[in-house]
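Participant: sequence and predicted structure below; questions after.
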Amino acid sequence: MATFDQSIVSVYGRLTHSWDFAFYKNNGEIANRMRSVIGSDVKDIRIDKDGDIDIEIKDEGNFLITPGAVIAAGWLTDSKSLSEKPEIEKFASIIQSLAEIRGSFAVEFYNIRLFLRFRPDNSLSLLREQGFESSFRLICGEKTPSDIMSFKFSTTRNRGKFLDSVELEASLKEVQYRYSRIGAGADFDSYSTFVAAADIPGLLEELRPFAETLLAAEPRGLGLNLGRSLLSDMK
């Protein structure tokens, strides 16, 4: 059985800043400047069909530069690595560096989102047992169907300086979990400062009990083999 520390996490990050009206006129120059600064770590850099700058950095994933944001998509790691300071600092520093190369713009929002996928046997039955049966009964009463094919749950709340959202989506074969944390640009000096304050290790520890329940119900070897495959594809 795969452990929670071995669980693959896909990390999404976004730094949203004031709109650059000259971006599409200068995107080639900006791309060349980024290539020059990042150097040999750039695997590919191109202008996509929308005029945005798509950067692939060796072993680190894809980053998108738009007129209003610096975006990291699909940074793949495992829960244990993400809980350790070097990994999350590395993720944050790349976004911050790209934003600084990009130029000086007023930051509006910072965002980081974690995505995990689990494939327990009898996903929906397991969620019922974990307390979601009461949600079904609140809506359907005593006529709650036993043959539900999918389930979606989402909630948003304020936690200090952050706006957090949780999304849970389940089908007969898998459970998808997303946790998003947003901070206002005025509250943090940089993306790195935001990520440090966001306490990603703490968020993962909050998730651990629920995740371990799902992992324990996965077919033997599934989670670990899936994780190895995803990380192999990333290299």
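Facilitator: The structure has been received and is ready for your questions. Residues are numbered from 1 along each chain as shown.

Participant: how about the helices in this protein?
Facilitator: 23-38, 79-83, 85-102, 123-127, 133-140, 191-198, 200-216, 222-234 (DSSP state H).

Participant: tell me how far the third one lies from the chain's centre.
Facilitator: Computed by C-alpha atoms, centre = their mean, to the nearest Å, the separation of helix 85-102 from the middle of its chain amounts to 15 Å.

Participant: between it and helix 191-198, how big is the angle?
Facilitator: Between the axis of helix 85-102 and that of helix 191-198 there is an angle of 150 degrees, by axes from the mean of the first three to the mean of the last three C-alpha atoms, to 10 degrees.

Participant: distance of the nearest residue to residue 82 once chain neighbours are set aside relative to residue 200?
Facilitator: With C-beta to C-beta, 6 or more residues apart in numbering as the measure, residue 9 is the residue that lies nearest to residue 82, at 5.4 Å, once sequence neighbours are left out. C-beta here means a position set from N, CA and C on the backbone, and glycine is covered the same way. Relative to residue 200, residue 9 is positioned 9 Å away (criterion: C-beta to C-beta, to the nearest Å).

Participant: how close does the closest residue to residue 66 other than its chain neighbours get to residue 58?
Facilitator: Excluding its sequence neighbours, the residue lying closest to residue 66 (C-beta to C-beta, 6+ apart) is residue 52, at 4.8 Å. Plainly put, residue 52 is 20 Å away from residue 58 if you go by C-beta to C-beta.

Participant: neighbour count for the two, which is higher?
Facilitator: Comparing residue 52 with residue 58 by neighbour count (other C-beta atoms under 10 Å), the higher total belongs to residue 52, at 18 against 12.

Participant: which residues touch the closest residue in space to residue 12 that isn't next to it in sequence?
Facilitator: Distances taken as C-beta to C-beta, 6+ apart place residue 113 nearest to residue 12, at 4.2 Å, with adjacent residues excluded. For residue 113, the set of contacting residues under the criterion of C-beta atoms under 8 Å, 6 or more residues apart in numbering consists of 11-13, 178-181.

Participant: give me the neighbour count for the nearest residue in space to residue 154 that is not next to it in sequence.
Facilitator: Closest residue in space to residue 154, ignoring its immediate chain neighbours: residue 167 at 4.6 Å, by C-beta to C-beta, 6+ apart. The number of residues packed around residue 167, counting by other C-beta under 10 Å, is 16.
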